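S.K.: model the following, please.
(chains A, B, C and D)
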There are 2 protein chains.
Amino acid sequence: MSRAPLRDFSHSLPMALLRAREAVMSRFRPMLRAHGVTEQQWRVLRALEDSGEIEISRLAERSFILMPSLSRILRNLEGRDLITRRAAAADQRRVLAAISPKGRELVGEVAPHSEANYAAIAEAAGEDNIAQLYGLLDQVTKSLEPPSKD
Amino acid sequence: MSRAPLRDFSHSLPMALLRAREAVMSRFRPMLRAHGVTEQQWRVLRALEDSGEIEISRLAERSFILMPSLSRILRNLEGRDLITRRAAAADQRRVLAAISPKGRELVGEVAPHSEANYAAIAEAAGEDNIAQLYGLLDQVTKSLEPPSKD
DNA sequence: GCCGTATAATTAACAAGTTAAATAATTCAG
DNA sequence: CTGAATTATTTAACTTGTTAATTATACGGC
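M.R.: Numbering: from 1, shown residues only, chains lettered A, B, ... in the order given. You can find the predicted model right below:
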């Protein structure tokens, strides 16, 4: 009864998701910063190592970063020789990005710390809770996504 | 077994939280935009209506926005006469913010749309799932937050 | 082969996130 | 009562998010 005027402000779903994300990321950011990369730059490097050379558009999907942001991030990473970019032979509009040896080296240095953080988080929050959370997030996300026009 | 080299990239908790948040917010942003406010500006206005005149440090906590961002947002909202700011009488360092009549009017216009969106989201994702998600998010968030130094 | 249209990526412009530094007012030791 | 340390807020500098516009290439009809 009485969800009267407006939802109790502090209990909005976007806020709850933001808070949870922040609780997790605050354990990662200092470590990433110490290695000279932002959260998003790390996502891109990890995605590139996973995928090999890949179109920018697909990289955007995988790293969940919008194209304009990604464009700037790639410019930055390219300037630091952590990645390479080249036009696709078949279609000059398309750009292919790949991680460089130097980028791979960086990932190799950071990855163990990242894994250690994940482990610490899993322990602090409880593996079961994390697993359940994954499932629920996935389910809710899918149910809210508009029918993709593939 | 074999969570071998690095966690499968697409299944990181921060990404899952980001994706879920985006799935929710993408249903709000266009509506907020149509009323001339960003997501964060809306959070601030809602929080101010909830709390009445309030110190901006506390406003930052409640709206979950860092002080430097909040400072800019308040400058913007004040410039549009949606809020007021004044120094506290007792301690001139402290600034008190309050929603203005014009701000209240805006909230009154937007709130019904916001509520309608929440309802649509709850229906699409299932009330039970949402409730369960809230609970888990809260639990995980709390377990990860460092022991606050109150 | 040429023209309009569609597609991939980048740029532009403004808002916000993040960390550090600067400003300003208060408190407290001496 | 003065000045060093503390506290609240803002500013600075850089990065990213968000929407719209622009650029460059490809494609399809003629």
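S.K.: pretty sure residue A:85 belongs to a strand, no?
M.R.: Yes. Residue A:85: assigned to a strand according to DSSP: H, G, I helix; E, B strand; the rest coil.
S.K.: for it, grab the count of nearby residues.
M.R.: 14 (other C-beta atoms under 10 Å in any protein chain shown). Glycine gets a C-beta too; all of them are placed from N, C-alpha and C.
S.K.: who's in contact with it?
M.R.: Listed by C-beta atoms under 8 Å, 6 or more residues apart in numbering or on different chains, the contact partners of residue A:85 are A:74, A:78, A:95, A:96, A:97.
S.K.: same question for residue A:104.
M.R.: Per C-beta under 8 Å, 6+ apart, neighbours of residue A:104: residue A:49.
S.K.: is the helix or strand containing it up against DNA strand D anywhere?
M.R.: Assigned by DSSP states H and E, residue A:104 belongs to helix A:101-125. No. Helix A:101-125 lies apart from DNA strand D when judged by C-beta under 7 Å from any atom of the strand; the minimum separation is 13.9 Å.
S.K.: enumerate the residues of chain A near DNA strand C.
M.R.: Close to DNA strand C, as judged by C-beta under 7 Å from any atom of the strand, chain A has residues A:22, A:25, A:29-30, A:33, A:55-57, A:67-68, A:70-72, A:74-75, A:85, A:91, A:93-95.
S.K.: for the contacts of residue A:85, work out which two are farthest apart.
M.R.: A:78 and A:96 (12.3 Å; C-beta to C-beta).
S.K.: any idea how far residue A:35 is from residue A:24?
M.R.: To residue A:35, residue A:24 is 18 Å away according to C-beta to C-beta, to the nearest Å.
S.K.: which one of these two has more residues nearby?
M.R.: Higher neighbour count among residue A:24 and residue A:35: residue A:24, with 23 against 14, using other C-beta under 10 Å.
S.K.: correct me, but that one touches residue A:121?
M.R.: Yes. Assessed by C-beta atoms under 8 Å, residue A:24 is found in contact with residue A:121 at 6.3 Å.
S.K.: give me the common contacts of the two.
M.R.: Here residue A:24 and residue A:121 have B:13, B:144 as joint contacts, going by C-beta under 8 Å, 6+ apart.
S.K.: ok, and the closest non-adjacent residue to the residue nearest the centre of chain A?
M.R.: With distances taken as C-alpha atoms, centre = their mean, residue A:43 lies nearest the centre of chain A, 4.4 Å away. Closest residue in space to residue A:43, ignoring its immediate chain neighbours: residue A:63 at 4.5 Å, by C-beta to C-beta, 6 or more residues apart in numbering or on different chains.
S.K.: check contacts around the one you found.
M.R.: So residue A:63 contacts A:40, A:43, A:44, A:46, A:47, A:70 (C-beta under 8 Å, 6+ apart).
S.K.: and the third one, how many neighbours?
M.R.: Residue neighbour count, defined by other C-beta under 10 Å, stands at 27 for residue A:44.
S.K.: three-state assignment of it?
M.R.: Criterion first, three-state DSSP; result for residue A:44: helix.
S.K.: give me the distance between it and residue B:56.
M.R.: From residue A:44 to residue B:56 the distance is 35 Å (C-beta to C-beta).
S.K.: just to revisit the earlier point, farthest-separated two in the contacts of residue A:63?
M.R.: Of all pairs in the contacts of residue A:63, the most separated under C-beta to C-beta is A:46 and A:70 at 13.8 Å.
S.K.: can I assume residue A:96 sits in a strand?
M.R.: Yes. Assigned with three-state DSSP, residue A:96 falls within a strand.
S.K.: just to revisit the earlier point, wait, which of the contacts of residue A:63 is closest to residue A:113?
M.R.: Using C-beta to C-beta, residue A:46 comes nearest to residue A:113 of the contacts of residue A:63, at 12.9 Å.
S.K.: next one, pLDDT for the closest one please.
M.R.: pLDDT for residue A:46: 97.
S.K.: neighbours of residue A:30, just the number please.
M.R.: 9.
S.K.: which helix or strand contains it?
M.R.: helix A:29-34.
S.K.: who are the packing partners of that helix?
M.R.: Secondary-structure packing of helix A:29-34 (3 or more C-beta pairs under 8 Å, 6 or more residues apart in numbering or on different chains; DSSP states H and E): helix A:39-51, helix A:101-125.
S.K.: and that helix, anywhere near DNA strand D?
M.R.: No. If you take C-beta under 7 Å from any atom of the strand as the test, helix A:29-34 misses DNA strand D, and the best it gets is 10.0 Å.
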